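Asks: Have a look; sequence and predicted model below, questions after that.
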Amino acid sequence: MNKNITIKDFRNHKKAKSKFACLTAYDASLTKLMSEAGVELILVGDSLGMVVQGHDSTIPVSMEDLLYHLRCVKRGNSGSHLMADMPFMSYATEKLAYDNAMRLMQAGANSIKVEGGEWILKTTELLSERGIPVCAHLGLTPQSINRLGGYYVQGRDIEDKNRILSEAKQLEDAGAELILLECIPAILTEEISQTLKIPTIGIGAGVSTDGQIMVCYDAIGAYSWESQPKFVKNFMDDADSIFDAFKNYVSEVKNLKFPSVKNSF
Ligand code: KIV
């Protein structure tokens, strides 16, 4: 990839009803391969706590960890949009959110991602007013795992469904540039994506989002899971190299072949 991908490109995808491919990354080598394979958005996710550090949740990840991996990814990147996750409690207050978002942007992020609904409205507004593109993460929010009680599909009952839909709209109004939807029923994703003007990104959320994302190791069969989750596909199955697997992932996302019904809830 040689052109620098910006938030405007994701808006254009939404307008054109075309899809964009996203992956997580934590190091320079895989970043180089995925960026050259056409992955438009690379997330330095706090999933690094699980897939790189071997923890059983994302909660132990610190700002220093995130900054270290962001710098590694930046060195391997060739034009993909770099999004950085804000780790657990790094945006618990407005002051923390300002200070930590600033550190991530100064280290090379093009946008930041925060988990939560109503309680992150003010933070979303403040950061976006100051020029920081915010992606709000709804549905299964792994930093709240102790409150949720496990990694379950969210938004199945009517109350939860209405809450997620309403929070997505409020976050858009507060200035969020993107909404990431994790592990929610495909039918709810469709309603959210049709209602919002801003682009959506999905993982385990069906085919109706504008972008799709997967943990990079999951896409190449290096699972950290005991069994392969429904929303994961091993792109090495039909590839001779990791580069080809990433290219196949991009192509399947763009041609609506991934995720299929069997990857959705
Ligand atoms: O941290 C992460 O990798 C994520 C993705 C699962 C979307 O938030």
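Replies: Yep, that arrived. Numbers count the residues shown, from 1 in each chain.

Asks: How about stretch 202-218 and the ligand, any contact?
Replies: Yes - using Cβ under 6 Å from any ligand atom, stretch 202-218 reaches the ligand at 203, 213, 215. Just so you know, the C-beta spots here come from the backbone N, C-alpha and C atoms, and that holds for glycine as well.

Asks: which ones are touching residue 167?
Replies: Residue 167 is in contact with 117-118, 138, counting by Cβ atoms under 8 Å, 6 or more residues apart in numbering.

Asks: next structured bit after the helix or strand harbouring residue 171?
Replies: Element membership for residue 171, per DSSP states H and E: helix 158-173. Following helix 158-173 in sequence order, the next helix or strand is strand 178-182 (DSSP H and E).

Asks: ok, how many other residues are close to the residue of the chain found nearest the ligand?
Replies: Nearest to the ligand, among the residues of the chain, is residue 45, at 2.4 Å (Cβ to the nearest ligand atom). Counted with other Cβ atoms under 10 Å, residues neighbouring residue 45 total 27.

Asks: Next: residue 146.
Replies: Counted with other Cβ under 10 Å, the neighbours of residue 146 add up to 9.

Asks: pretty sure it belongs to a helix, no?
Replies: Yes - under DSSP: H, G, I helix; E, B strand; the rest coil, residue 146 sits within a helix.

Asks: so who does it touch?
Replies: residue 59.

Asks: coming back round to it: can you pull the buried residues of the helix holding residue 171?
Replies: Buried residues in helix 158-173, counting neighbours by 16 or more other Cβ atoms under 10 Å, are found at 161, 163-165, 167-168, 170-172.

Asks: from the chain's centre, how far out does that helix sit?
Replies: Averaging C-alpha positions (Cα atoms, centre = their mean, to the nearest Å) puts helix 158-173 18 Å from its chain's average.

Asks: again, but for stretch 167-177
Replies: 16 Å.

Asks: ditto for stretch 95-112
Replies: Taking Cα atoms, centre = their mean, one finds stretch 95-112 lying 16 Å from the centre of the chain it belongs to.

Asks: buried residues in stretch 137-155?
Replies: Buried-residue list, stretch 137-155, by 16+ other Cβ under 10 Å: 137-143, 145, 153-155.

Asks: whoops, stretch 239-249 was the one
Replies: Those would be 239, 242, 245-249, for stretch 239-249 by 16+ other Cβ under 10 Å.

Asks: For it, list the C-alpha coordinates in CSV.
Replies: The C-alpha trace of stretch 239-249 is given here as CSV (Å, rounded to 0.1, in the frame of the first residue of the first chain):
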residue,chain,number,x,y,z
ALA,A,239,-2.6,-19.9,1.0
ASP,A,240,1.1,-20.8,0.5
SER,A,241,2.4,-17.9,2.6
ILE,A,242,1.2,-15.5,5.3
PHE,A,243,1.3,-12.7,2.6
ASP,A,244,-1.1,-14.7,0.4
ALA,A,245,-3.3,-15.4,3.5
PHE,A,246,-3.6,-11.7,4.2
LYS,A,247,-4.3,-11.0,0.5
ASN,A,248,-7.1,-13.6,0.5
TYR,A,249,-8.6,-12.1,3.7
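
Asks: Give the rounded mean pLDDT of that stretch.
Replies: Across stretch 239-249, pLDDT averages out at 98.

Asks: Point out where the stretch 101-250 of the chain drops to low pLDDT.
Replies: Scanning the stretch 101-250 of the chain for pLDDT under 70 picks out 224.

Asks: Might you enumerate the residues of the chain proximal to the ligand?
Replies: Taking Cβ under 6 Å from any ligand atom as the measure of proximity, the chain contacts the ligand at 24, 43, 45-47, 85, 180, 182, 203, 213, 215.
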